[in-house]
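In: I'd like to go over a predicted model; first the sequence, then the structure.
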Amino acid sequence: MTTVHDSPLNRLSVLSTLVDAAFAFVRGRTKSGLVLLGAAALSRRVPGIGTAASVLLRLVRRLR
């Protein structure tokens, strides 16, 4: 039986957060990239935190 932490959706969430972090670094947004890398690492333990960090960063960028 798979747990929530090993589900394919959780892996996909981690992967998408890592892709967002890579794009942030390519665009020169070092701080955003570091936040997203940290969120990807944490999302192995806390499902959904990577997605939440990505959405929050996008919101902050839009409101500037």
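Out: Yes, it's here.

In: count of neighbours near Asp6?
Out: 10 (other Cβ atoms under 10 Å). For every residue, glycine as well, the C-beta is placed using N, CA and C.

In: any idea of the pLDDT on it?
Out: Each residue has a pLDDT score; the one for Asp6 is 70.

In: what's the answer for Thr51, then?
Out: Looking at Thr51, its pLDDT stands at 87.

In: Thought Leu15 was touching it, still the case?
Out: No - counting by Cβ atoms under 8 Å, Thr51 does not reach Leu15; the two are 11.4 Å apart.

In: who's more crowded, the two?
Out: Taking other Cβ under 10 Å, Thr51 and Leu15 do not tie; Thr51 has more neighbours (17 against 12).

In: Spatially, which residue comes closest to the more buried one, not counting chain neighbours?
Out: Ser13 (5.5 Å; Cβ to Cβ, 6 or more residues apart in numbering).

In: what's the helix or strand hosting that neighbour packed up against?
Out: Assigning secondary structure by DSSP states H and E places Ser13 in helix 8-26. Secondary-structure packing of helix 8-26 (3 or more Cβ pairs under 8 Å, 6 or more residues apart in numbering; DSSP states H and E): helix 30-42, helix 49-63.

In: As CSV, the ones you listed with distance to Phe23 would be great.
Out: What follows is the helices and strands packed on helix 8-26, written out as CSV (distance: least, Cβ to Cβ, whole Å):
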stretch, distance to Phe23
helix 30-42, 8
helix 49-63, 10
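
In: Pro8 is nearest to which of the ones you listed?
Out: helix 49-63 (14.7 Å; Cβ to Cβ).

In: on that earlier part again, who touches the helix holding Ser13?
Out: Residues from elsewhere that reach helix 8-26 (Cβ atoms under 8 Å, 6 or more residues apart in numbering): 4, 30, 32-34, 36-37, 39-40, 43-44, 47-48, 50-51, 53-54, 57.

In: same question, stretch 27-47
Out: Stretch 27-47 has contacts (Cβ under 8 Å, 6+ apart) with 4-5, 10, 13-14, 17-18, 20-22, 24-25, 49-54, 57.
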